[in-house]
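Enquirer: The following block contains a protein sequence and its predicted model.
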Amino acid sequence: MTEREDMRAQIASKLEKLRTLDELAKEMPGPRQGNGWDPSRIVETSVRVIPQPLDRLARKAIKQGILQRLADLFRPVSAMSKLAGPPTIVYLPLWQLKGYHECFYLRNANYSIRVDKDVVAVEVDGETRDLMIEEQESEDVPDTLRRTLKRFSRLFMGEKRYFNLKDVTELARRHGRAEMYVTSDGREGNMLDEVLPSRWKTRRIFDIADLNVEGTLSRIAASRETKETVVQRLRDKLVKMPEESKQILSNTFHIEELTQYYVPFVHFPVARGGRLDHVIITGASAETPDSKTVAFVRHQLGL
């Protein structure tokens, strides 16, 4: 049973036993439930995005386009494009999280209940309501206003009577569910495949050493995002407390899934005709990333 199902079952069981909402409120364990209020309680999963073979990435870095290939045709062998040092893999952290917020609370309400026109009295919770007396009391209203009220009453309620119930206590529920991703530079969105295509291969890891690739230098990019900050982002987006409430019975914010992906970008130092070119390749696709990502990776490398 999930924590959400457990809370619903707990409330249903207590209400069946106690019978009144006031007694239910006294029996509730406390308003805040779920691991979202304390990120240290959240178990996260680490996943590595697997880069393509280094030789393929290196060929792409050396021969990036037709112009580069044509230029090499006219250069001496010593000046042709070639690697000028070992590649460096820079892993950019990417967070994905899913969760829900659920709030059970009490609130005050007033009801206007319609009954058939032949009803002259009703009994609610042991209390008898004489509709004829209540209708007579309404005669104290000035004639002009009373006729107007009756005209609108017929328009919206037909030929039926109604009576009011005041100071009613309601048990209400507010619920929401959301998922989001947060990139290492603070960008966020809803669908993970916007930044992590499903065709990219991934593998769960249990140690940072699992990120190392033979023949390369590896590093994890510095990120302003942490487990705490990304959970706070989802909390700000998802948790909406009721504007009017008599008492909060339970306030559950629970993270169902928290995954940190390590997305590889590979830096190749390439010598071209006597100059050094720094080439950044997306490790999973062997494609050139967008200019913003290139700038971010170069900054991480101090270039």
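Expert: Arrived safely, thanks for sending.

Enquirer: so how many other residues sit close to Phe163?
Expert: When counting by other Cβ atoms under 10 Å, one arrives at 18 neighbours for Phe163. Quick note: C-beta positions are derived from backbone N, CA and C, even for glycine.

Enquirer: Which helix or which strand is home to it?
Expert: If you go by DSSP states H and E, Phe163 is part of strand 160-183.

Enquirer: Okay, now the sheet partners of that strand, with direction.
Expert: Taking DSSP bridges as the criterion, strand 160-183 pairs within the sheet with strand 88-116 (antiparallel), strand 188-189 (antiparallel).

Enquirer: Just give me how far stretch 189-207 sits from the chain centre.
Expert: Here stretch 189-207 shows a centroid-to-chain-centroid distance of 16 Å under the convention Cα atoms, centre = their mean, to the nearest Å.

Enquirer: Same question for it: list its buried residues.
Expert: Buried residues in stretch 189-207, counted by 16 or more other Cβ atoms under 10 Å: Leu192, Val195, Leu196, Trp200, Thr202.

Enquirer: Which pLDDT does the model give the residue lying closest to Leu97 once chain neighbours are set aside?
Expert: Nearest residue to Leu97, sequence neighbours excluded (Cβ to Cβ, 6 or more residues apart in numbering): Leu258, at 4.7 Å. Leu258 is assigned a predicted lDDT (pLDDT) of 97.

Enquirer: tell me the secondary structure for Leu258?
Expert: On the three-state scheme (DSSP: H, G, I helix; E, B strand; the rest coil), Leu258 is labelled strand.

Enquirer: Touching, it and Arg41? I think so.
Expert: No: between Leu258 and Arg41 no contact is recorded; they are 10.8 Å apart, counting by Cβ atoms under 8 Å.

Enquirer: out of those two, which sits in the busier spot?
Expert: Leu258 (21 against 11).

Enquirer: Now do the same contact list for the more buried one.
Expert: When contacts are counted by Cβ atoms under 8 Å, 6 or more residues apart in numbering, Leu258 touches Ile42, Val43, Glu44, Thr45, Trp95, Gln96, Leu97, Lys227, Val230, Val231.

Enquirer: Please tell me I have it right and the fourth one contacts Ile205.
Expert: No: no contact is recorded between Thr45 and Ile205 when judged using Cβ under 8 Å, the distance being 9.3 Å.

Enquirer: helix, strand or coil for Val47?
Expert: Classification of Val47 by three-state DSSP places it in strand.

Enquirer: For it, name its beta-bridge partners.
Expert: When bridges are called by DSSP bridges, Val47 pairs up with Arg204, Tyr261.

Enquirer: circling back: give me the mean pLDDT for the strand holding Phe163.
Expert: Mean predicted lDDT for strand 160-183 stands at 86.

Enquirer: One more: stretch 202-209?
Expert: Stretch 202-209 shows a mean pLDDT of 94 in the predicted model.

Enquirer: roughly how far out does that stretch sit from the chain middle?
Expert: With Cα atoms, centre = their mean as the basis, the distance from the averaged C-alpha position of stretch 202-209 to the chain average is 24 Å.

Enquirer: Can you tell me what sits against it?
Expert: By Cβ under 8 Å, 6+ apart, the residues outside stretch 202-209 that reach it are Thr45, Ser46, Val47, Arg48, Val49, Ile50, Leu211, Ile220, Tyr261, Tyr262.
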